[in-house]
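Asks: Need a 3D model of the following:
(2 chains)
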Amino acid sequence: MSVLIDKDTRLCVSGITGREGTFHAMNNKRYGTNVVSGVTPGKGGQDVEGVPVLNTFHAAVSETGANTAMIFVPPPFAADSILEAADAGIETVICITEGIPAHDELRVYNFLRAHRPTVRLIGPNCPGVLSPGKANVGIIPAAFFKEGNVGVVSRSGTLTYQIGNELAQRGFGNSSIVGIGGDPVPGSSFIDVIELFQADDETELIVMSGEIGGSAEEEAAEYIGEHVTKPVVGYIAGFTAPPGKTMGHAGAIVSGSQGTAAAKAEALEGRGVRVGRTPTEVADIAVEILGG
Amino acid sequence: MDLLEYQGKQLFARHGVPVPDGKPATSVDDALAAADVIGYPCVVKAQVLIGGRGKAGGIKVVKDRDEARDAAEAILGMDIRGHTVHEIWVEAASDIAEEYYASIVFDRSAKAPLMLLSTQGGMDIEEVAERDPDAIARLHVDPLIGFQGFHGRRLAFEAGVAEDVVRPVGALLAKLYDAFVAEEAMLVEVNPLTVLTDRSVKALDAKVTLDDNSFYRHPDNAALRNVGAEDPQEQMAKERGLTYVKLDGDIGILGNGAGLVMSTLDVVSQAGGAPANFLDAGGGSKAEAITQAVEVILSDPKVKAVLFNIFGGITRCDEIARGLIEAFDQIKPTVPFVVRLDGTNDKEGRALLAEANLPNVHMATTMLEAAEKVVELARSANVEGRPDAALPGQTTGGTPGGGDSS
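Replies: The predicted structure is shown next:
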């Protein structure tokens, strides 16, 4: 098994006719992901390297049976596209777009929560989801990862690759790798994804990679303490980040004494989660827990 | 982006939040002209993005033109906790009866705007929260339905505001919420929110943080850049479209992806070094962006060594290598570089660098090794020139961990 995406995924890509959209949709398809269609308003009837393009997500669902959406459109159109996918009945929406206004994210989150509670939004501003050997939706460089028993959930893209690579060098593969994104209002939290990994047969160890800003890691720590029986290894980026400065990700900011890496690591360790101080140490701990 | 007080007040005024009349000025003459129009007494206030202006002498009440001149001359150019005053705000003096506190915070945890109201205004709200948490009334607003009249009444009664101003305080909060949503703020704070002796309510200060991601639909806000207050390297980076944060150390850092760069800063610090900056070259960087990034990093004279830590996903390592080669061609750096390339097209990137044989560029195979190497190089650069300096050859033996640090 794996989480969120697998062999049953039928992917529709919003923004498939754009340069980046085409490149990554085709990359995902070559990996073996079942890319059934794309959506670009006004370009319905065309195709991108054999993948049919439709005008709406509603048509993508009724005509191509799409059950998963990848959003690759620029920030001014991204919230609209997420809501359209949800309105069309798509249950898993993965939004790669970076730079969506925070108030748009707030409206999308609250609307989905209130009116489409079964829809799972991953992202925005995330690298996507990879279930090695099954499907890749997003921009994660799949060549570095193989099938295995470690589930990874992270707020960052390249840091996920770094940690995944450290694990791979020790011989570990992954059930799924989920990037939840670095924005202030992610559609899914650490808790949402950890819950999926806890229920997933294939996952024997969960690695969560957090960073400064907000309180998602602290909330996850509490959840892990109460609900998670599988071992969890943590990592937090930004121990040396100065307060008040946005460190690249819109959500990565220490506000006053809130959101520091030290407080997050302490919260996790207080709930029995071992926290690696470097990506290498995360892999060291994984070896100790699962054996080399 | 954080706004100066007067920018915040002008934004408030556009949404009907009552503020005192005032005018900004960047020279003594402008300040006097403003004061003459506003009338005396008035208040001359330093405009800097840091608290404690009053204590530092950056806020002065003046009763005539001479005092206004003295105040403007003293405050313009003043240093307030490391911030130079480039602008002042001249505003009508207010007869204050009571000082309250109001704010709206973008609450990431609750995924809703959080409104706070307290009758203990005019002081540090975090101190109030610690000393007397019940003194702050708070509630979340559902962003799907927005601010309702009852929100204002509930906050006002719970905070215990004077009964005769419950209505105007509620009205002010409604307008503050309008401003928060319409301008796409992450924070609006009014401290103090004052009740004047004529029982009208006014926002006497304004602290506003806007969401940079919303600027494409708020060109006026995007133009509010407070250039004078920005660090020169940060300004240069912004003009080149790079994500750069200036830090205090001497090791320049470039990586791709915010998380990896943050992690790199941590690992370099653990190895005993002090990063000079955060620079995220972003996903899919082209060679030209890398060249510009090197320029920004090296414009900080403190930088003694530079670390490139790249794990290519969208980013291609051969593009990074080309950018670095181009940078060496154009800028001819004199400080050592440590380069770690992994991920997409890493072999091609390493081959390009090997072929170019750039002076003083060291390759590293892992992030940890790269961090240790760059710390060592920065340290030997620091001891060079001292009579007891170790020979560079003696410190580059590859002793891992840098156990002799501090």
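
Asks: From here on, just use CA atoms for contacts and neighbour counts.
Replies: Will do.

Asks: in which helix or strand would I find A:V61?
Replies: helix A:57-64 (DSSP states H and E).

Asks: Point out the other helices and strands that that helix packs with.
Replies: strand A:35-39, helix A:75-87 (3 or more CA pairs under 8 Å, 6 or more residues apart in numbering or on different chains; DSSP states H and E).

Asks: who does the next helix or strand after the first one pair up with?
Replies: Yep, that's strand A:35-39 we're talking about. Next along the chain after strand A:35-39, taking DSSP H and E as the criterion, comes strand A:47-48. Sheet pairing of strand A:47-48 (DSSP bridges) gives strand A:51-54 (antiparallel).

Asks: For the partner strand, buried residues please.
Replies: By neighbour count on 16 or more other CA atoms under 10 Å in any protein chain shown, the buried set for strand A:51-54 is A:V51, A:P52, A:V53, A:L54.

Asks: which one of those is nearest chain B?
Replies: Nearest to chain B among the buried residues of strand A:51-54: A:V51, at 22.2 Å, using CA to the nearest CA.

Asks: ok, B:V296 touching B:E239?
Replies: No: using CA atoms under 8 Å, B:V296 is not in contact with B:E239, being 10.4 Å away.

Asks: So for the two, which sits in the more crowded spot?
Replies: A count of neighbours by other CA atoms under 10 Å in any protein chain shown puts B:V296 above the other of B:V296 and B:E239, at 23 against 9.

Asks: what helix or strand is the more buried one on?
Replies: helix B:287-298.

Asks: Output the contacting helices and strands for that helix.
Replies: Looks like helix B:287-298 contacts helix B:232-239, strand B:251-255, helix B:317-331 (3+ CA pairs under 8 Å, 6+ apart).

Asks: list the contacts for residue 290?
Replies: By default, I'm working from chain A. A:L205 (CA atoms under 8 Å, 6 or more residues apart in numbering or on different chains).

Asks: Please refer instead to chain B.
Replies: B:A281, B:I320, B:G323, B:L324, B:A327 are the contacts of B:I290 under CA under 8 Å, 6+ apart.

Asks: can you count the residues close to residue 116?
Replies: In the absence of a named chain, chain A is used. 16.

Asks: The intended chain is chain B.
Replies: When counting by other CA under 10 Å, one arrives at 20 neighbours for B:L116.

Asks: what's the angle from the helix-or-strand element of chain A with minimal mean pLDDT to strand B:251-255?
Replies: The weakest-scoring helix or strand in chain A, judged by mean pLDDT, DSSP states H and E, is helix A:158-169 (a mean of 92). Relative orientation of helix A:158-169 versus strand B:251-255 (axes from the mean of the first three to the mean of the last three CA atoms, to 10 degrees): 80 degrees.

Asks: returning to that earlier point: of all the contacts of B:I290, which comes closest to chain A?
Replies: Using CA to the nearest CA, these come closest to chain A at B:A281, 9.7 Å.

Asks: show me what contacts that closest one?
Replies: Applying CA under 8 Å, 6+ apart, the residues near B:A281 are B:L242, B:T243, B:L254, B:G255, B:N256, B:G257, B:A289, B:I290, B:A293.

Asks: rewinding a little: list the buried residues in the least confident helix or strand of chain A.
Replies: A:T158, A:L159, A:T160, A:Y161, A:Q162, A:I163, A:G164, A:N165, A:E166, A:L167, A:A168.

Asks: State whether A:F197 and A:T203 are indeed in contact, as I suppose.
Replies: Yes: shown here, A:F197 and A:T203 form a contact pair, counting by CA under 8 Å, at 6.1 Å.

Asks: Between the two, tell me which one has more neighbours.
Replies: A:F197 (27 against 22).

Asks: quick one: that one and A:E281, what's the gap?
Replies: According to CA to CA, to the nearest Å, A:F197 stands 22 Å off from A:E281.

Asks: B:N191 too?
Replies: B:N191 is 45 Å from A:E281, where distance means CA to CA.

Asks: Have a look at those two and say which one is more surrounded.
Replies: B:N191 (22 against 17).

Asks: got a pLDDT number for the more buried one?
Replies: At B:N191, the pLDDT value in this model is 95.

Asks: Make sure it is actually in contact with B:G122.
Replies: Yes: if you go by CA under 8 Å, B:N191 and B:G122 touch, sitting 5.6 Å apart.

Asks: mind checking the SS state of B:K302?
Replies: coil (DSSP: H, G, I helix; E, B strand; the rest coil).

Asks: I meant to write B:V61 there.
Replies: B:V61 ends up strand, using three-state DSSP.

Asks: how about it, what does it touch?
Replies: Applying CA under 8 Å, 6+ apart, the residues contacting B:V61 are B:P41, B:C42, B:V43, B:V44, B:A93.

Asks: can you pick the most crowded of those residues?
Replies: Counting by other CA under 10 Å, top hit in the contacts of B:V61: B:V44 with 28 neighbours.

Asks: Surely that one and B:K63 touch.
Replies: No: assessed by CA under 8 Å, B:V44 is found out of contact with B:K63, at 10.7 Å.

Asks: circling back: let's test this: mean pLDDT of the helix holding A:V61, rounded?
Replies: Averaged over helix A:57-64, pLDDT sits at 98.

Asks: Repeat that for stretch B:140-156.
Replies: The model assigns stretch B:140-156 a mean pLDDT of 97.
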